[in-house]
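In: got a sequence here, can you model it:
(2 chains)
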Amino acid sequence: MKIYIPNSAWLGNIDPFLKSFDTSEPRKLEITAHKQWISVHPLVLSMVAALGLSCRPENVVSEHMEAKSKHYLKRMNLFDLLKINTDISIEEHESAGRFIPLTQISNNEELTKFITDVIPLLHLQPEQAQPIRYVISELTRNVFEHSESKIGAILCAQYFKKSNRISIGIVDRGVGIKKTISNAWSVKSDLDAIHLALIPGITGTTRRIGGTDYNAGAGLFFIKSIAKVNRDFFVLYSGNALYKLLKTQHGKSIRLYGDPLRDKHSKSESFPYWQGTAVGVDISLDSREEFSELLKLIRDTYSKTVKERRKEFYKKARFI
Amino acid sequence: MKTIKIFNLAGDFAENKDVARDIRINLITPTIKRGGEVVLDFAKVESVTQSFVHALLSEVMREFSTEILDKIAFKNCNDTVKGIVNIVVDYMQS
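Out: Numbering: from 1, shown residues only, chains lettered A, B, ... in the order given. I've put the predicted structure just below:
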């Protein structure tokens, strides 16, 4: 595999980065990067790290980094996680207030500890930390529950003080959404599977509306809703398909939809095959929309969607 | 009446579904089966996830029907906790 870390890859312009990913020789990884400057979303770093962790350490090579911002990759723990020796030296600062370095989380207990210990290091106000830990908890538990990822979940995050925004990337190398959803639903493509996975009440664990005792099929809908209400991007990539929730312009009223295809979005199924699932989300922390207000919107949309789905499945007595 | 202090079992951010399922199986369901009532006390809990509340309540509502909500009370919930409890209770009855 070959992956090139570009000059710029954020959720709005991530498509060229994803399309350039070379999936040949899956047991090897070659990392190259832009020579001058690297400025990328945590999703990019999480993907690179996940690819590297899927290979034996001796099969992961990184070219000599020249970009002035190469220290960022070091500080985000990319080279240490992949056991790549570099001559990049950094002054160790406490990561407080700026970023969560690349972290591998393998089970529920590690996740609980991570949320308890690491998120407070961002030194955010409680109302700002609330959506972040919500997103990280739900997405990472999805990995443990559905993905069968041998490397667990790989995540990192970056806080931007100027824009008061946090960007989060959470990635696995598991079976992917299509296989998971196919356990209960008939799907033809990765894009069909992503579409279903974003509809509230649909889960790969059962066809029963409302889910099982353990799974409601609501997690991704919640995350997408948090991004939408904050007028931010949300990206879901699995197999050959990518769904991207686009930003809602300021001044336009926010409306949540059960069907993700009704949101302003882009989608494609012509991307290189990603074994597993990769999620990127941005959350603006100065949004005036309170979390509890968001929940009211979700409640209305969720109930309406579930009611509509029940009607679809409602069967009348057949009198002959 | 059995009072279950969620903070003591799940912390200030109640998100671990395994903990929620344990609370349901070991504390809520046995109390209800004995004909008792349950108070879920969310004092000191800042937030919960929908997954946590779903794992806590959905099966109880399925097993004993929605009438069971007359025997379960939610105490000391802030707006976020109330919001998520309401979402789960709502969609389980939709």
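In: what residues of the worst-scoring helix or strand of chain B on mean pLDDT count as buried?
Out: Every helix and strand in chain B was compared by mean pLDDT, DSSP states H and E; the lowest is helix B:79-93, with a mean of 90. Within helix B:79-93, the residues that count as buried by 16 or more other C-beta atoms under 10 Å in any protein chain shown are B:80, B:81, B:83, B:84, B:85, B:86, B:87, B:88, B:89, B:91, B:92. Any C-beta I mention is one placed from the backbone N, CA and C, and that applies to glycine too.
In: just these that are near chain A?
Out: Counting by C-beta under 8 Å from any C-beta of the partner chain, B:80, B:83, B:84, B:86, B:87, B:88, B:91, B:92 from the buried residues of helix B:79-93 sit close to chain A.
In: how close does the second one sit to residue B:90?
Out: For residue B:83, the distance to residue B:90 (C-beta to C-beta, to the nearest Å) stands at 10 Å.
In: which residues do the two both contact?
Out: Residues touching both residue B:83 and residue B:90 by C-beta atoms under 8 Å, 6 or more residues apart in numbering or on different chains: residue A:299.
In: which other helices and strands contact the least confident helix or strand of chain B?
Out: For helix B:79-93, the packing partners by 3 or more C-beta pairs under 8 Å, 6 or more residues apart in numbering or on different chains; DSSP states H and E come out as helix A:291-313, strand B:47-48, helix B:50-64, strand B:72-75.
In: determine which of these approaches residue A:242 most closely.
Out: helix A:291-313 (22.9 Å; C-beta to C-beta).
In: quick one: list the elements packing against the closest one.
Out: helix A:126-142, helix A:219-229, helix B:79-93.
In: what's the following helix or strand after the first one?
Out: Under the assignment DSSP states H and E, the closest C-terminal helix or strand after helix A:126-142 is strand A:153-160.
In: the helix or strand following that next one near chain B anywhere?
Out: The helix or strand immediately downstream of strand A:153-160 is strand A:165-172, counting by DSSP H and E. No. Applying C-beta under 8 Å from any C-beta, one finds strand A:165-172 out of contact with chain B, separated by at least 14.5 Å.
In: before we move on, back to that, chain A: which of the ones next to chain A among the buried residues of helix B:79-93 is nearest?
Out: residue B:83 (3.1 Å; C-beta to the nearest C-beta).
In: count of neighbours near residue A:90?
Out: Look at residue A:90: counted by other C-beta atoms under 10 Å in any protein chain shown, it has 11 neighbours.
In: for the stretch 151-300 of chain A, what lies in contact range of chain B?
Out: Residues of the stretch 151-300 of chain A lying close to chain B (C-beta under 8 Å from any C-beta) are A:200-201, A:210-211, A:213-216, A:218-219, A:222, A:290-292, A:295-296, A:298-299.
In: what subset of those is buried?
Out: Going by neighbour count (16+ other C-beta under 10 Å), these have A:200-201, A:210-211, A:213-216, A:218-219, A:222, A:291-292, A:295, A:298-299 buried.
In: quick one: least confident of those residues?
Out: On pLDDT alone, residue A:210 ranks lowest of those, at 72.
In: list the contacts of it.
Out: Counted by C-beta under 8 Å, 6+ apart, residue A:210 has contacts A:201, A:216, A:306, B:58, B:62, B:91, B:92, B:94.
In: ditto for residue A:25
Out: Taking C-beta under 8 Å, 6+ apart, we find residue A:25 in contact with residue A:1.
In: rerun at 10 Å
Out: A:1, A:2, A:55, A:59 (C-beta atoms under 10 Å, 6 or more residues apart in numbering or on different chains).
In: closest one of those to residue A:109?
Out: Lowest distance from residue A:109 to the contacts of residue A:25 (C-beta to C-beta) belongs to residue A:55, with 26.7 Å.
In: how many neighbouring residues does residue A:3 have?
Out: By other C-beta under 10 Å, neighbour count at residue A:3 equals 22.
In: show me what the helix or strand hosting it is packed against.
Out: Under the criterion of DSSP H and E, residue A:3 resides in strand A:2-5. When contacts are defined as 3 or more C-beta pairs under 10 Å, 6 or more residues apart in numbering or on different chains; DSSP states H and E, strand A:2-5 packs onto helix A:15-19, strand A:29-33, helix A:42-53.
In: repeat that for 8 Å
Out: So strand A:2-5, by 3+ C-beta pairs under 8 Å, 6+ apart, packs with strand A:29-33, helix A:42-53.
In: how far away is the closest residue to residue A:191 other than its chain neighbours from chain B?
Out: Sequence neighbours aside, residue A:241 is the residue nearest to residue A:191 in space, at 4.0 Å (criterion: C-beta to C-beta, 6 or more residues apart in numbering or on different chains). Residue A:241 is 24 Å from chain B, where distance means C-beta to the nearest C-beta, to the nearest Å.
In: is residue A:241 in a bridge, and if so with what?
Out: Applying DSSP bridges to residue A:241 yields these beta-bridge partners: residue A:238.
In: can you report how many residues neighbour the residue nearest to residue A:189 when sequence neighbours are not counted?
Out: Spatial nearest neighbour of residue A:189, excluding adjacent residues (C-beta to C-beta, 6+ apart): residue A:269 at 5.9 Å. Residues within reach of residue A:269, counting by other C-beta under 10 Å, total 14.
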